[in-house]
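> quick one: sequence and predicted model below, then my questions.
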Amino acid sequence: MDYKRDEVLNDTIAHPELEQILQNMFRSGEPRRYARVAIMDEAIVIVMRKRRRITMQEYKTAIERYLAKIA
């Protein structure tokens, strides 16, 4: 397994407080929405914060390459 996937797993289904999280999820009345918003979105944001930010120059270069490709 890769590192990022392990991180998401540890913050979701392998979380030490999983039992409490599941209880809250089902008490919410909307378990699918709760799982998506309160569990998965948060875990993904944590991983994304650790990634290197794209610089403006990298962004501009990517746009230029894309525009040249579709022209």
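Good, I have the coordinates.

> how far off centre is the host helix or strand of residue 59?
Using DSSP states H and E, residue 59 falls within helix 56-70. Centre-to-centre, helix 56-70 and its host chain are 25 Å apart (C-alpha atoms, centre = their mean, to the nearest Å).

> could you list the low-pLDDT ranges of this structure?
Applying pLDDT under 70 to the chain flags residues 1-3, 11-12.

> how far away is the most centrally placed residue in it from residue 37?
For the chain, the residue nearest the mean C-alpha position is residue 44 (1.6 Å; C-alpha atoms, centre = their mean). Per C-beta to C-beta, to the nearest Å, residue 44 is found 11 Å from residue 37. In this view, the C-beta of every residue, glycine as well, is placed from N, C-alpha and C.

> still on that earlier bit, may I see the buried residues of the helix holding residue 59?
Buried positions in helix 56-70, judged by neighbour count with 16 or more other C-beta atoms under 10 Å: none.

> the residue nearest to the centre of the chain against residue 8, yeah?
Yes. Assessed by C-beta atoms under 8 Å, residue 44 is found in contact with residue 8 at 7.0 Å.

> how far away is residue 15 from residue 33?
For residue 15, the distance to residue 33 - C-beta to C-beta - is 18 Å.
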